[in-house]
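**Q** Fold the following for me, if possible:
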Amino acid sequence: MHGPVDIPDHSEETAEGYIRFSRRKNLFLVGLAVILVALSLVTIRLGATDLSLGDIIHYIFRPDSSWESTVVWDLRLKNIVAALLAGAGLGIAGAVMQGILRNPLASPYTLGISNASAFGAAVAIMFLGGGLISGTTTLNLSVDNPALVTAVAFIFAMIATGIILLLVKVTACTPETMVLAGMAINAIFAAGLSFLQYIADDTSLPAIVFWQFGALDKASWSNLYIILAALALVCVYFYYKRWDYNSMEAGEDVARGLGVDIKSTRVLGLVFSAVITAIVVSFMGIIGFIGLIAPHIVKRLIGDDFRYLLTGSMLVGALVLLLSNIVGSYAFGMSVPVGIITSFIGGPVFIYILIRGYRRRSTV
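**A** Next up, the predicted model:
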């Protein structure tokens with residue numbers, strides 16, 4: 001008769017491996033935050049006005065009426081904060097959309113929210129009295145009634161979201177179908193926008209085209225406070241639901257077995273993602289592909305655990321948008337709207353994701 005068999009206990013090794021793995025992810029997030037702070041300080045120094053690091057820190061914490069203080073706060077720091085907030089908002093919205101729809105192509109841009117917002121802005125400019133512009137070059141153009149244009153752009157962005165949610169309620173469509181429906185809505189609003197541009201007069205057309213260009217300098221400090229408040233609210237909800245998103249990432253059957261209300265989690269996730277996207281786009285214009293790029297970069301580097309993915313997507317989104325702003329501001333000898341730069345970056349990435357998904361399905 002044999003004695004008891006000794007079974008090796010690997011629980012301690014497993015725990016140590018998990019701790020090392022978690023530490024690596026946390027270090028990645030901390031490193032991103034440090035890079036963002038350093039890059040922000042470097043960006044403030046770029047430009048015609050020569051400011052030392054000490055001057056920058058002084059004017060940040062002790063602003064005055066001098067020209068250098070105005071440069072730091074109103075010309076440079078405002079755009080940097082806009083890039084950080086907009087990039088973070090679009091990044092976390094894209095991560096949640098991809099998770100709850102279980103589709104790597106889901107993002108605020110591909111689901112039609114951005115083009116719906118642009119269509120709403122065009123409607124306000126042409127028919128509601130927001131279309132007069134001031135200025136003679138693209139550097140100082142401005143919409144005559146920005147509050148009206150922003151409000152209507154936000155309303156149409158939420159209308160696009162409502163259409164998607166209505167399709168979910170009426171047809172009980174799958175997550176894949178929701179993405180296809182979003183792309184169809186995107187095409188419809190893009191066609192409507194093109195039609196309005198076609199019939200626009202000489203006054204309205206420049207304002208419509210100008211508004212479409214995603215630009216960080218469109219947002220005022222008061223606008224940025226609104227974006228910050230909205231971002232804080234949606235982040236609280238998203239982090240509260242992070243375990244539910246992890247469950248849904250493992251499959252709907254797993255999520256149901258763990259007690260997750262899939263339908264309400266998906267609907268509320270879409271609503272909160274749409275709200276932060278609509279606010280950003282209505283203030284700054286179309287900034288495409290940030291919500292698509294940022295989550296994929298984070299997933300490739302530290303995985304798809306939403307405890308880290310949400311923060312990582314915010315940081316990477318902010319970093320990509322800040323780098324795009326630097327390229328658009330200083331690389332071409334003229335100021336190029338940041339929305340154009342992000343589209344140049346996002347287009348190839350979108351194609352890469354399509355090809356990668358096709359290869360994965362072919363091997364399976």
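
**Q** Tell me the backbone dihedrals of Asp64, please.
**A** Phi and psi for Asp64, reported as degrees, to the nearest 10, are phi -140, psi -160.

**Q** Please apply the same query to Ile286.
**A** phi -80, psi 120.

**Q** Would you mind measuring from it to Gln212?
**A** 6 Å (CB to CB, to the nearest Å). Any C-beta I mention is one placed from the backbone N, CA and C, and that applies to glycine too.

**Q** Identify the contacts common to these two.
**A** Counting by CB atoms under 8 Å, 6 or more residues apart in numbering, the common neighbours of Ile286 and Gln212 are Ala118, Gly339.

**Q** In stretch 200-216, which of the residues would be classed as buried?
**A** Buried residues in stretch 200-216, counted by 16 or more other CB atoms under 10 Å: 200, 204-208, 210-216.

**Q** any idea which of the residues you listed is closest to Leu36?
**A** Leu216 (15.1 Å; CB to CB).

**Q** Quick check: chain neighbours aside, which residue is closest to the closest one?
**A** Excluding its sequence neighbours, the residue lying closest to Leu216 (CB to CB, 6 or more residues apart in numbering) is Ala82, at 4.1 Å.

**Q** Just confirm that neighbour contacts Met284, I think it does.
**A** Yes. In this structure Ala82 lies within contact range of Met284 using CB atoms under 8 Å: 6.8 Å.

**Q** and Asn223, what pLDDT?
**A** Asn223 is assigned a predicted lDDT (pLDDT) of 87.

**Q** thought it was touching Val280?
**A** No. In this structure Asn223 lies outside contact range of Val280 using CB under 8 Å: 9.7 Å.

**Q** of these two, who's got more company?
**A** Between Asn223 and Val280, counted using other CB atoms under 10 Å, the more crowded position is Val280 (32 against 21).

**Q** Against Ala184, how distant is that one?
**A** 23 Å.

**Q** By mean pLDDT, which helix or strand of this structure comes out lowest?
**A** strand 133-134 (a mean of 52; mean pLDDT, DSSP states H and E).

**Q** what sits against Ala118?
**A** Ala153, Phe189, Leu193, Trp211, Gln212, Val281, Gly285, Ile286 are the contacts of Ala118 under CB under 8 Å, 6+ apart.

**Q** a helix runs through it, doesn't it?
**A** Yes. Using DSSP: H, G, I helix; E, B strand; the rest coil, the assignment for Ala118 is a helix.
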